[in-house]
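Colleague: Return a 3D structure for these sequence lines:
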Amino acid sequence: MDEDFRLQVLRFFKSGMLSSGDKLAGILFEKFIVGSNAKKIAAQYASINSRTTADGKIDIAINRYKGGNLVALKIRDHLEAAAGSNLIGAYLHGSIATSEVIGYSDFDGLVIVKSECMKNPQKLAGLFTALKETEMMMLDMDPLQHHGWFVLTEADLVEYPEHYFPTVLFNHAATLFGESTLTMQLNPAGYTDYFVPSFNHLSQSILSKLETGSYLQNYYAFKNLLSEFMLLPAIYLQAKTGKGVFKKYSFSLLDKELGADYSIMNVISGLREKWNYKPPPGYLKLRKRGKLSKNFAARSGQLPEETLSAFRNELGQSMKKFVNQLQSRIQK
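Modeller: Numbering: from 1, shown residues only. Here you go, the predicted structure:
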């Protein structure tokens, strides 16, 4: 699938919008805009010509989810009932899948959309609604959830986007419902050309937030930066090796490579272990409402002065130095 079109598909499932003009009109006419964009996506998807070859074709088996996370089970039941027939499957990855949930954990989920749905505007719009409904349920686990579902399509399995969702993640994933064995075709040439831009994008995003200090405005922005920073080791190693890396293992691998220069990552990871955020009264009710109240609620909560002071000074500078160091290593 063309990379520009893949980004359009992801943009659609994230917000239902495809342009800046859609965002403004969507405040008042969301259902109409989503329906119109679903027609555009369906028409483009129907024109895709996919082919398979023997080279790079693999089968991946994914264990069924046997855990008891109540949010995951609620989401599974709702999504399967509302849109299960439109999906090849829904999958957990990250801490829920590995039963390592802590207070900082968010909901990490992936859906793979059937081609039949992708070519049907009505089904596509219905799936968008179902995914948005379950994303509101994710807030019961993490009130500061800053991302929704990862989305792949049936066409992606034929031309697999390893840079978007590395296949190694399936080794630690769990099937909520749907197919537990996926057949996909990898690019024999590898994915280095995609991994490097992903690293550059993430590192620049982190540096921009650190430079402006926007991440200190509230808990939502703060956690967003911390999550990006803790993803950096995996994205760096992927750019360096051209191979997917499971996030949990990336920390020790990078620690071994950097030695003493790794220390700031231990500090930030320590914040994750001690995370104990409590949303203000009424926060979840507001965030689960329409766009305006959601945006307002997402920016609630003032950070403690001790935290503000530490990150404005030595911690923020150490994070910048760490990112710059990784950028230099990639450029060599």
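Colleague: Can you tell me how far residue 299 is from residue 59?
Modeller: Applying C-beta to C-beta, to the nearest Å, the value for residue 299 to residue 59 is 45 Å. For glycine as for every other residue, the C-beta is placed from the backbone atoms N, C-alpha and C.
Colleague: Of these two, which one has the most company?
Modeller: The neighbour comparison of residue 299 against residue 59 (other C-beta atoms under 10 Å) goes to residue 299, with 12 against 8.
Colleague: what sits against the more buried one?
Modeller: Going by C-beta atoms under 8 Å, 6 or more residues apart in numbering, residue 299 touches 217-218, 220-221.
Colleague: Residue 59 now?
Modeller: By C-beta under 8 Å, 6+ apart, residue 59 lies in contact with 181-183.
Colleague: cool, and residue 137?
Modeller: 71, 74-75, 78.
Colleague: Can I take it that residue 59 is in a helix?
Modeller: No - using DSSP: H, G, I helix; E, B strand; the rest coil, the assignment for residue 59 is strand, not a helix.
Colleague: On the pLDDT front, check it for me.
Modeller: Per-residue pLDDT puts residue 59 at 94.
Colleague: ditto for residue 93
Modeller: For residue 93, pLDDT reads 95.
Colleague: wait, isn't it in contact with residue 108?
Modeller: Yes - counting by C-beta atoms under 8 Å, residue 108 is a contact partner of residue 93 at 4.9 Å.
Colleague: now, among the contacts of residue 299, which is nearest to residue 156?
Modeller: Distance to residue 156 across the contacts of residue 299 (C-beta to C-beta) is lowest for residue 220, with 30.0 Å.
Colleague: who does the helix or strand where the closest one lies touch, helix- and strand-wise?
Modeller: Using DSSP states H and E, residue 220 sits within helix 219-241. Here helix 219-241 touches helix 192-212, helix 247-258, helix 263-274, helix 314-331, going by 3 or more C-beta pairs under 8 Å, 6 or more residues apart in numbering; DSSP states H and E.
Colleague: could you dump those to JSON lines with mean neighbour count and mean pLDDT?
Modeller: Putting those into JSON lines (neighbours: other C-beta atoms under 10 Å; pLDDT from 0 to 100) gives the following:
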{"stretch": "helix 192-212", "mean neighbour count": "16", "mean pLDDT": "95"}
{"stretch": "helix 247-258", "mean neighbour count": "16", "mean pLDDT": "95"}
{"stretch": "helix 263-274", "mean neighbour count": "14", "mean pLDDT": "92"}
{"stretch": "helix 314-331", "mean neighbour count": "16", "mean pLDDT": "95"}
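Colleague: Ok, which of those helices comes nearest residue 171?
Modeller: helix 247-258 (10.6 Å).
Colleague: Now do that closest one and helix 263-274, the angle between them.
Modeller: 150 degrees (axes from the mean of the first three to the mean of the last three C-alpha atoms, to 10 degrees).
Colleague: ok, residue 39 touching residue 121?
Modeller: Yes - the pair residue 39 / residue 121 is scored as a contact, 4.4 Å apart, by C-beta under 8 Å.
Colleague: More neighbours: which of those two?
Modeller: Shown here are residue 39 and residue 121; by other C-beta under 10 Å, residue 121 has more neighbours (19 against 14).
Colleague: and the more buried one, what does it touch?
Modeller: Residue 121 neighbours (C-beta under 8 Å, 6+ apart): 35, 38-39, 41-42.
Colleague: likewise residue 187?
Modeller: Residue 187 touches 56, 159-160, 162, counting by C-beta under 8 Å, 6+ apart.
Colleague: can I assume it sits in a strand?
Modeller: No - counting by three-state DSSP, one finds residue 187 to be coil, located in no strand.
Colleague: tell me which residues in stretch 34-48 are buried?
Modeller: Residues of stretch 34-48 classed as buried: 34-38, 41-42, 44-45, 48 (neighbour count, 16 or more other C-beta atoms under 10 Å).
Colleague: How about stretch 138-145?
Modeller: 138-139, 141-145.
Colleague: chain center to it, what's the gap?
Modeller: 14 Å (C-alpha atoms, centre = their mean, to the nearest Å).
Colleague: first vs last residue of that stretch, how far apart are they?
Modeller: 7 Å (C-alpha to C-alpha, to the nearest Å).
Colleague: for stretch 269-284, same thing?
Modeller: Stretch 269-284: ends 26 Å apart by C-alpha to C-alpha.
Colleague: Quick one: residues in contact with it.
Modeller: 102-104, 139-140, 143-144, 219, 223, 226, 230, 251, 297, 300-301.
Colleague: Lowest-confidence one in those?
Modeller: For these, the model is least confident at residue 297; its pLDDT is 67.
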